[in-house]
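**Student:** what follows is a protein structure lacking sequence information:
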């Protein structure tokens, strides 16, 4: 299994040369720096090191250690770690407990951005991923579709100001919900639960950017009372709950506020 993982992670050149994970992160960093020179409002990018939740524990242990090493080498680039893949057919977070507890046991801070609760089944071991994500102090909760069925978890996450990543188009494509007006996020918005909008798998779904997901949230989940304040809150949440450093968030918010003010000014003129 470990050999398969190394094969999977390698980047191949046409001449047969191969590169490891550190080379990939370094390359992303260099490209971002070049792009920023011509785009001063671009504040860079962050990478979440991920592995798939159908692999065995020993492989995920290696992945967690790799993520720890990469974050140490590239602290401003590598944001943390996540487990991705279809939850209902994959292993639970509890199954990977020995791997996910490695950073804590070694005294290393490795933020988690765990997918949890992407299911419409209640009472299964997969459904319990939300509780384990809470215990593991996940920085964000990917999807959290089943969160409304766990009021105690929802209340605790809200107290800790841990947001969920709502992925409306993904939820529709994967048939978790057909009508966004009855999406669990409608209740989250009603009580002011912290949430951000994500496209989940834009390449797989053929989507570009977040425009379509924002539109669906505004038109379906937001309800008849949704207005510019709704869009503004969702946009600022994207910055507030991002993996940027505090200083980067302040800079990003200033840039965004200037752009928003210009947008409102142009809207009024029209």
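**Tutor:** Cool, the structure landed. Remember, predicted model here, so these are calculated numbers, not experimental data.
**Student:** so what's residue 207 up against?
**Tutor:** 169, 199, 213 (Cβ atoms under 8 Å, 6 or more residues apart in numbering). C-beta coordinates here come from the backbone N, C-alpha and C atoms, glycine included.
**Student:** tally of neighbours for the last one?
**Tutor:** For residue 213, the neighbour count with other Cβ atoms under 10 Å is 22.
**Student:** follow-up on the earlier one: in helices, which of the contacts of residue 207 appear?
**Tutor:** 169, 213 (DSSP state H).
**Student:** number of residues surrounding residue 135?
**Tutor:** With other Cβ under 10 Å as criterion, residue 135 counts 14.
**Student:** what's the answer for the one 10 residues further on, then?
**Tutor:** Using other Cβ under 10 Å, residue 145 is surrounded by 26 other residues.
**Student:** could you check the distance from it over to residue 13?
**Tutor:** According to Cβ to Cβ, to the nearest Å, residue 145 stands 40 Å off from residue 13.
**Student:** can you confirm residue 80 is in a helix?
**Tutor:** No. Looking at residue 80 with DSSP: H, G, I helix; E, B strand; the rest coil, it is strand, so not inside a helix.
**Student:** ok, back up a step: okay, the contacts of residue 207 in TSV with pLDDT and distance to residue 236 next?
**Tutor:** Listed next are the contacts of residue 207 as TSV, based on pLDDT from 0 to 100; distance: Cβ to Cβ, whole Å:
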residue	pLDDT	distance to residue 236
169	92	22
199	90	18
213	94	16
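**Student:** out of the contacts of residue 207, which one sits closest to residue 96?
**Tutor:** residue 199 (25.4 Å; Cβ to Cβ).
**Student:** what residues are up against the closest one?
**Tutor:** Residue 199 neighbours (Cβ under 8 Å, 6+ apart): 167, 169-170, 205, 207, 209-210, 212-213.
**Student:** please, where are all the strands along the stretch 1-150 of the chain?
**Tutor:** In the stretch 1-150 of the chain, the strands defined using DSSP state E, counting those that start in this stretch lie at 11-12, 18-19, 47-52, 78-84, 115-116, 141-143.
**Student:** pretty sure residue 9 is touching residue 18, no?
**Tutor:** No. With contact defined as Cβ atoms under 8 Å, residue 9 does not count as touching residue 18 (9.8 Å).
**Student:** between the strands of the stretch 1-150 of the chain, which gets nearest to residue 59?
**Tutor:** strand 47-52 (7.2 Å).
**Student:** list the buried ones in the closest one?
**Tutor:** 47-51 (16 or more other Cβ atoms under 10 Å).
**Student:** would a markdown table of the contacts of residue 207 with distance to residue 125 be doable?
**Tutor:** Converted to a markdown table, these look like this (distance: Cβ to Cβ, whole Å):
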| residue | distance to residue 125 |
| --- | --- |
| 169 | 27 |
| 199 | 28 |
| 213 | 29 |
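**Student:** so which of the contacts of residue 207 is the closest to residue 110?
**Tutor:** residue 199 (24.7 Å).
**Student:** give me the phi and psi for the closest one.
**Tutor:** phi -100, psi 0 (degrees, to the nearest 10).
**Student:** from residue 208, how far off is it?
**Tutor:** 9 Å.
**Student:** try residue 147
**Tutor:** 28 Å.
**Student:** so between those two, which is more surrounded?
**Tutor:** residue 147 (23 against 10).
**Student:** residue 194 is in contact with residue 160, isn't it?
**Tutor:** No. Residue 194 lies out of contact with residue 160 (Cβ under 8 Å); the separation is 9.6 Å.
**Student:** the more surrounded of those two?
**Tutor:** Counted by other Cβ under 10 Å, residue 194 and residue 160 do not tie: residue 194 has more neighbours, with 18 against 12.
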